[in-house]
Structure formats: C-alpha cells, structure tokens
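K.L.:
can you look at this prediction? I've put the sequence above it.
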Amino acid sequence: MLVRVSQTAFDPSAELAAFDALGGGAVVTFNGVVRDDTGDLQAMEIEHYPAMTEGALRDFATQAQARFHLTNVLVIHRVGTLRPGEVIMMVATAAKHRKQAFQGADFLMDYLKSRAPFWKKEVTASGADWVAARDVDEDALKGW
C-alpha cells in the first residue's frame, strides 16, 4: 500500500507502470483532474494538515483493502496551487477479481471526496471562494 500527499506533479502512467498488483488479476485506476465548470477558474488551492491528512488517507486505504480483499492500493493526492487540467489525484486498486478492484476504487473515491481533510479554494478573476461539501458526495457514502 502506498499513500502519498505532495505538492509535486506526478505522471499517472509512470505510477501505474510502477504499481504492483501483488498477485491480483485486476487493476482499476482513477485519475482526478482539476475541472473548470464555469470557464472562469484560474486555480484550485488545496490546503491540508499533513499528519491528519496522511493518516486519514492511510485509514481509508486500509479499510478498502480489508473490505474488498485488495492485493494492493495506491492513493496519491496533490496539494498546493493547481491549474485547470492538472491531475489532482490518483487511486489504483488491485484484487484477484475485477468487481473487488472496482468496488475498492469506488469506495476510496467516495471517502476521499467527502471525508479526506483537504480544504479547497477556487480562485477566479472575481475572487476566491472555499469549496463547500456537496450533498451528492455525502449521499454516495450512504451506499457503503
């Protein structure tokens, strides 16, 4: 299992190439990209408290690994100032079977989206606003 929070950009292809399925027959990956829903986003600023954030992400990964019998898990999340189109995060899960790998990745994404202790601010030409929690993200957790 590898969990990493960093300001440094990463190459998802290189991360996937280095990811060891550890005997699993299925690997699922997800890359999150900073999106500009309004056409006005200049940057996304992501803040965190390192010890709290890394511990929470490690806990989510450990839960997913146990619950879905994953053979390996990778979680990478960037912090700092990111521009639209930049990769913000990556999840990779490996399991003996595809259903477990997909469920593990989906579980991780739902928990990262709604429970990971990151604070996000959208910067536009007219100012900056903190990103609020969304009901749809909270509702996704109810399925787990």
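P.N.:
Yes, it's here. Numbering: from 1, shown residues only.
K.L.:
Ala101 belongs to a helix?
P.N.:
Yes: under DSSP: H, G, I helix; E, B strand; the rest coil, Ala101 falls within a helix.
K.L.:
any idea how far Gly143 is from it?
P.N.:
17 Å (C-beta to C-beta, to the nearest Å). Yep, even glycine has a C-beta here, placed from its N, CA and C like the rest.
K.L.:
Arg134 too?
P.N.:
16 Å.
K.L.:
just Leu22 next, same as before
P.N.:
For Leu22, the distance to Gly143 - C-beta to C-beta - is 27 Å.
K.L.:
who are the neighbours in contact with the closest residue to Gly80 other than its chain neighbours?
P.N.:
Once flanking residues are discounted, Gly80 sits nearest to Gln7: 4.0 Å by C-beta to C-beta, 6 or more residues apart in numbering. By C-beta atoms under 8 Å, 6 or more residues apart in numbering, the contact set of Gln7 is Arg78, Val79, Gly80.
K.L.:
touching, Met1 and Ala66? I think so.
P.N.:
No: with contact defined as C-beta atoms under 8 Å, Met1 and Ala66 do not form a contacting pair (10.9 Å).
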